[in-house]
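Trainee: Need the 3D shape of this:
(one chain, ligands or ions: 1)
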Amino acid sequence: MKKNISIIGAGISGLSAARFLAKTADVVVLEQAEKIGGLVKCDLVSGNLFHKVGGHVFNAKNKAVSEWFWAQFDQEKEFIKAKRNAKILINQKLIGYPIENYLGEFDKETVQNVLADLLKIQNTAPKAPFAYNHFEAFLEGTFGETLYKLYFKPYNQKIWNTDLSLVALEWLEGKLPMPNIQDILLSNIVKEEESDMVHASFYYPKTGGSQFIANRLAQGINIITDQWVSSISLQNGQLLLNASGTADAVIYTGDVRKLSQLIQIEDAALQHALQAVEELKSNGTSNLFCECDDNDLSWLYIPEDFTRAHRIIYTGNFSPANNAGSTRKTCVVEFSGKVPLQEMEEEINKLPGNLRPLQANYEPNSYVVQEKDTRQKITNLKQQLQKHHIYLTGRFAEWEYYNMDKAIEASMILSKNILTP
Ligand SMILES: Cc1cc2nc3c(=O)[nH]c(=O)nc-3n(C[C@H](O)[C@H](O)[C@H](O)COP(=O)(O)OP(=O)(O)OC[C@H]3O[C@@H](n4cnc5c(N)ncnc54)[C@H](O)[C@@H]3O)c2cc1C
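Mentor: You can find the predicted model right below:
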């Protein structure tokens, strides 16, 4: 008998889990929105393609994920491969990214200060990245006070909108460079292409943006949209969803903080574990979809506080098809939190590129904030849920800073575990 599995959420996590499981189980995906894709959804605005959140590009370091992903797509015919051309706007000047590799682009005094910081760090026994207690200590301890104040502190505070000393370090693994001083000096003297960083090069669909990825993963999968799952209970040894559909197992990819409202199972330890995650913190993002002057950038980071915007994503440079409705290029200006449209429209006048707004979007749940005990709370909850054949996977279900590749990897591992007798 095939297992009957219900997956809640048709984002990248739910769709990839469905694909992994569909051959060996009866799978249905229930999605509350009318359109699939979750965070990677895209819309056409005046004929131009915009990502509702961010500007999703794809890359995978994990071999199994990469092989699986490229078995779903024709890499050459359907994707463009691009190299990152990111810059940081400081003092009206575009500085190379990552900042520590482009010290020569600063004035002499700044370079002297950065070098003095690095030598001081070197002489006071540098710590291994994960030896720091929190994110703030890691940034200052790794890059020194000058770079911390110029870029790392203001940029990260804009994005995280939280006290950086409360942010745990674990989420950083594989996300940010963790160079030692020799690496930094070498990169400044010998200009090598850095390839280790996330999205140093990336793939992007020729048409359709990340919606194209979601749509392909959805092919052949039984998906019901406009279907909000509001309750999960037990009935005759099976799981009952919305008092109608039954399942042997449920995979939840939505916001873990809301799970306590869904689960109606009398189990004190489970209820306790559900309550423990209700207060996890996240940040939303406001996006202003714009037209802009021609340029060759992929991302522009804006740490300084002359504007509330923290990043411009030049999605029009990812694929020419994204600018189909315009004679100019297109881009997205990202703000942390909920920013009124009029304020965003005023803010973009302070930014380069003669930006012209077309439309805006607000996503309340973009960045998960990982605190010291977050992983432990999620691990506890997973153990309690597993007793009832309920599983978590995904960025907001596991409260992990997953990119698409990591979300796919997590779904891959979970699917194997569920199918293992
Ligand atoms: C600003 C930003 C930029 C990013 N850029 C990149 C990038 O360039 N490259 C990259 O690889 N990754 C990027 N990411 C990460 C990427 O978006 C995520 O890894 C991925 O989309 C997570 O997918 P998910 O399925 O886990 O979650 P989601 O996309 O949130 O999917 C969850 C789905 O569950 C549905 N749902 C929730 N609750 C219920 C319910 N009760 N009933 C029914 N349905 C429900 C939701 O509607 C949603 O569709 C970025 C993220 C952000 C925020």
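
Trainee: Three-state assignment for the closest residue to the ligand within the stretch 51-200 of the chain, please.
Mentor: Evaluated by C-beta to the nearest ligand atom, the stretch 51-200 of the chain has G54 as its residue closest to the ligand, separated by 2.5 Å. The C-beta positions use only the backbone N, C-alpha and C, and glycine is treated the same way. Classification of G54 by DSSP: H, G, I helix; E, B strand; the rest coil places it in coil.

Trainee: ditto for F69
Mentor: Look at F69: counting by three-state DSSP, its state is helix.

Trainee: quick one: the closest residue to the ligand within the stretch 101-250 of the chain and G245, what's the gap?
Mentor: The minimum distance from the stretch 101-250 of the chain to the ligand, using C-beta to the nearest ligand atom, falls at V229 (3.7 Å). Shown here: V229 relative to G245, a distance of 9 Å by C-beta to C-beta, to the nearest Å.

Trainee: Could you pull out the residues contacting both of those two?
Mentor: Counting by C-beta atoms under 8 Å, 6 or more residues apart in numbering, the contacts common to V229 and G245 are L30.

Trainee: hang on, the earlier thing: identify the spatial nearest neighbour of the residue of the stretch 51-200 of the chain closest to the ligand, chain neighbours not counted.
Mentor: I313 (6.4 Å; C-beta to C-beta, 6 or more residues apart in numbering).

Trainee: what about that neighbour, how many neighbours?
Mentor: By the criterion of other C-beta atoms under 10 Å, I313 has 24 neighbours.

Trainee: what residues are up against it?
Mentor: Residues near I313 by C-beta under 8 Å, 6+ apart: 51, 54-55, 298-299, 331-332, 334.

Trainee: roughly how far is stretch 279-297 from the heart of the chain?
Mentor: Its chain's average C-alpha position is 12 Å from that of stretch 279-297, according to C-alpha atoms, centre = their mean, to the nearest Å.

Trainee: Tell me which residues of that stretch come out buried.
Mentor: Under the neighbour-count criterion of 16 or more other C-beta atoms under 10 Å, stretch 279-297 has 280-292, 295, 297 buried.

Trainee: Which one of those residues is nearest to the ligand?
Mentor: Distances from the ligand to the buried residues of stretch 279-297, taken by C-beta to the nearest ligand atom, are shortest for T285, at 5.4 Å.

Trainee: Okay, and the beta partners of that closest one?
Mentor: S336, E363 (DSSP bridges).

Trainee: Tell me who's in contact with it.
Mentor: So T285 contacts 53-54, 334-337, 362-363, 366-367 (C-beta under 8 Å, 6+ apart).

Trainee: Now the residue nearest to G54: phi and psi?
Mentor: phi -110, psi 120 (degrees, to the nearest 10).

Trainee: Nearest residue to the residue in the stretch 151-300 of the chain positioned nearest to the ligand in space, ignoring adjacent ones along the chain?
Mentor: Per C-beta to the nearest ligand atom, G254 is where the stretch 151-300 of the chain lies closest to the ligand, at 2.5 Å. Leaving aside its chain neighbours, G254 sits nearest to G9 (5.1 Å; criterion: C-beta to C-beta, 6+ apart).

Trainee: Quickly find the element holding V332.
Mentor: In this assignment (DSSP states H and E), V332 forms part of strand 329-336.

Trainee: rewinding a little: farthest pair within the contacts of T285?
Mentor: G54 and G337 (15.1 Å; C-beta to C-beta).

Trainee: How about residues contacting stretch 179-189?
Mentor: With C-beta under 8 Å, 6+ apart as the criterion, stretch 179-189 contacts 100-104, 118, 121-122, 126, 142, 194.

Trainee: one step back: ok, of the contacts of I313, which come out buried?
Mentor: Buried among the contacts of I313 by 16+ other C-beta under 10 Å: 51, 54-55, 298-299, 331-332, 334.

Trainee: how about the residues of this structure near the ligand?
Mentor: Listed as neighbours of the ligand in the chain under the rule C-beta under 6 Å from any ligand atom: 8-14, 30-33, 38-40, 53-54, 56-58, 228-229, 253-254, 285, 366-367, 394-396, 402-405, 407.
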